[in-house]
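Engineer: got a predicted structure here, sequence first:
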Amino acid sequence: MLQNKKNKDIAASEQVLQDSPFFDLLEQYLDEHPKTGYLVFQVTQESPLQGKIPIPNAKITISKNIGGEHYISKVLTTNSDGKTEALALPTVSAELSRTPSDGEVYAKYNATISAPNFVTKDIYDIPIFEGITSIQPVVMELDYTLLPTYQPELDPNINPNILR
């Protein structure tokens, strides 16, 4: 009995999704972007002594603006080398670049990158080309507001305005 109700709830949810304007916009986008390109993120921090240091476990949220709504396509996490797996994303045909036109010959995506103790970073309009794996470098900055500050203890018996 409970399983039957659960199946009806799932079917009703799927019907609501299919009837929503968002589903139509997504379907239209996929029809207009039938090809696939790939994206890899390389997340690092700069060190004056060690150069680029990989940031493991950084969270990357890739999104695409469709019809005024953000469609979240995927959330990735970097490995111990600061890299993500290659993510397949819909894009337009490379054939568009072989003829003169005003249209774009790539799809554009946005990304938000976050990691503990670092300032969150947004990247807009990342181009994705058919059949090409693009590597998106991301250099994160430490969030110094999270670091403890040094507060020296002052001796109450010393007047700071008198030189000794």
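Structural biologist: Arrived safely, thanks for sending.
Engineer: next up, the contacts around Gln50.
Structural biologist: With contacts defined as C-beta atoms under 8 Å, 6 or more residues apart in numbering, Gln50 is in contact with no residue. Using the backbone N, CA and C atoms, a C-beta is placed for each residue, glycine as well.
Engineer: for Gln136, give the beta-bridge partners.
Structural biologist: Here Gln136 shows beta-bridge partners Phe41, assigned using DSSP bridges.
Engineer: pLDDT score for it?
Structural biologist: Note for Gln136: predicted pLDDT of 98.
Engineer: now do Glu69
Structural biologist: Glu69 is assigned 67 on the pLDDT scale.
Engineer: got it, and Thr99?
Structural biologist: Value for Thr99, per-residue pLDDT: 70.
Engineer: what sits against it?
Structural biologist: Taking C-beta under 8 Å, 6+ apart, we find Thr99 in contact with no residue.
Engineer: hmm, 10 Å instead?
Structural biologist: By C-beta atoms under 10 Å, 6 or more residues apart in numbering, the contact set of Thr99 is Val105.
Engineer: got it, and Val92?
Structural biologist: Contact partners of Val92, counting by C-beta under 10 Å, 6+ apart, are 32-35, 37, 103-107, 128-130.
Engineer: type out the PyMOL command that picks the buried ones from those.
Structural biologist: A single PyMOL command is used to select the members of those judged buried by 16 or more other C-beta atoms under 10 Å:
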select buried, resi 33+35+37+105+106+107+128+129+130
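Engineer: what's the lowest-pLDDT member of the contacts of Val92?
Structural biologist: Among the contacts of Val92, Gly103 carries the lowest pLDDT, at 72.
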